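Visitor: give me the fold of what follows.
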Amino acid sequence: MHRRDFITKSLSTIASSTFADSSILSGEPVRSQASGVDSSQRFDVFRYRFGVNYTPSRNWWFCWNDWNTDPIERDLDSIAGLGADHLRIMLIWPYFQPNLRWIDPAQLERLDQLLTMMASRNLDAVVTVFTGQLSGWFFLPPFNKPGAAFYDDPEIWTAQELFMKELARTVNPHKNLIGFDFGNELNTCWRADPAVGDVWMARMFRLMESVTPGRIHVNGVDHQPWFETNTFSQKALAARPFPSMHCYPYWTGSLKYGGPMEPPSVKLLAAMAALIQSYAGDSQKPVWAEEFNTCIASNTERQQAEWLERAVHAAMDQGTSWFTYWDSHDVDHKFDFNPVEYSLGLLHNDGKVKQQGRAFQQLAKTYGGKAMTLPKTSPPAPPINPSDDITWQWLLDWMGWKPSTL
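Guide: As a prediction, the model looks like this:
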């Protein structure tokens, strides 16, 4: 299907009252549809993949401490039914490692079960480690030391090393493991000078690659280190074989420069990919959109579905090959979260599919497993002395967009 025809066709599908797989809408179990990605392509970063950040429908990630596999299996059935081929799953560091010298074996067993359940549905896994911070809440271990100590305190490193080695023993037997993510946006929890952060990052990558070799490991930072000097340098992040980005128009400030469906929002994924390639000095480097959504609360489901299609297509043209949407399910209103968290899922909390979920399914069906498109042009040189304002100007120039407010 030609990309110009894709949006028109899929929007008409979304507007229709019928849906190809009625069992998804009814909440009945759905086994994995063909994702277009087979096991031989698991680590192929030059082929498109579509996945989600998993948000358990029952008790969010508090479920690690209230383990019940039945609702998780229902969640995984619904996610597989959308055509997703991988999940990013969140460990809560203090739950898994409540003491410097001890990793909870019950939590490791639950992780083992989750990976097994995912494999049975052809879902691969990227596992976050030092989380840390998640959806605005902080989960700090009892032995936490703030700020740069996370990166340069010998006692903390010993605890981190122990955790990594114990995790490796649990996950290595699972063929559906993509690899580890350091944690969820470490820089939002522990900040340091990039001279310190970069040294720790290189050391942690060496550790991950030694205990779990042959996988893809990433450092899933939020947008800030790409926009300004913050904990890790842009060049060190971009030098990785498969750099990742977290892209949210609302949180990055796109609404200062245009409306929810204008280029500062719709082309932000593509522009951030170009920025990363610019820092890497390699216009052909593939990029992983490891977290993305608008977080624009005023968007309707139809607008969100349209944004998803347009943003993904633009990012595909700029060399983004893997897309991991935030998130799978809405958060239950019984919990106290930022209100926007209650509506970010592709699925309602009861498992019913939203319009953006249908758009996601069509994207996965159309492009999953296919060879990626490489950018046709090189981005300009990266910003000098980057700050939020300077980086945004670089992005707007790349988009060819001049806001009326500037």
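
Visitor: residue ranges with poor pLDDT in this structure?
Guide: Scanning the chain for pLDDT under 70 picks out 1-37, 405-406.

Visitor: where exactly do the strands run in it?
Guide: Using DSSP state E, the strands of the chain run over residues 49-53, 86-89, 124-128, 133-134, 137-138, 177-181, 244-247, 287-292, 320-326.

Visitor: count of residues packed around Gly183?
Guide: By the criterion of other Cβ atoms under 10 Å, Gly183 has 25 neighbours. In this view, the C-beta of every residue, glycine as well, is placed from N, C-alpha and C.

Visitor: just give the nearest non-adjacent residue to it, would you?
Guide: Of all residues not flanking Gly183 in the chain, Phe130 sits nearest, at 3.6 Å (Cβ to Cβ, 6 or more residues apart in numbering).

Visitor: what of Phe205?
Guide: The shortest distance from Phe205 to any non-neighbouring residue, by Cβ to Cβ, 6+ apart, is to His217 (6.1 Å).

Visitor: how far away is that neighbour from Asn68?
Guide: In this view, His217 and Asn68 are 30 Å apart by Cβ to Cβ, to the nearest Å.

Visitor: neighbour count winner among those two?
Guide: Legend: neighbour count by other Cβ under 10 Å for His217 and Asn68, higher for His217 (22 against 11).

Visitor: was I right about that one contacting Ser210?
Guide: No. His217 lies out of contact with Ser210 (Cβ atoms under 8 Å); the separation is 10.8 Å.

Visitor: re earlier: export the strands of the chain to JSON lines and append columns for distance to Asp104 and mean neighbour count.
Guide: As requested, the strands of the chain are exported to JSON lines (distance: least, Cβ to Cβ, whole Å; neighbours: other Cβ atoms under 10 Å):
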{"stretch": "strand 49-53", "distance to Asp104": "23", "mean neighbour count": "26"}
{"stretch": "strand 86-89", "distance to Asp104": "17", "mean neighbour count": "24"}
{"stretch": "strand 124-128", "distance to Asp104": "16", "mean neighbour count": "24"}
{"stretch": "strand 133-134", "distance to Asp104": "18", "mean neighbour count": "20"}
{"stretch": "strand 137-138", "distance to Asp104": "19", "mean neighbour count": "14"}
{"stretch": "strand 177-181", "distance to Asp104": "18", "mean neighbour count": "24"}
{"stretch": "strand 244-247", "distance to Asp104": "28", "mean neighbour count": "24"}
{"stretch": "strand 287-292", "distance to Asp104": "26", "mean neighbour count": "24"}
{"stretch": "strand 320-326", "distance to Asp104": "27", "mean neighbour count": "25"}
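
Visitor: good, wrapping up.
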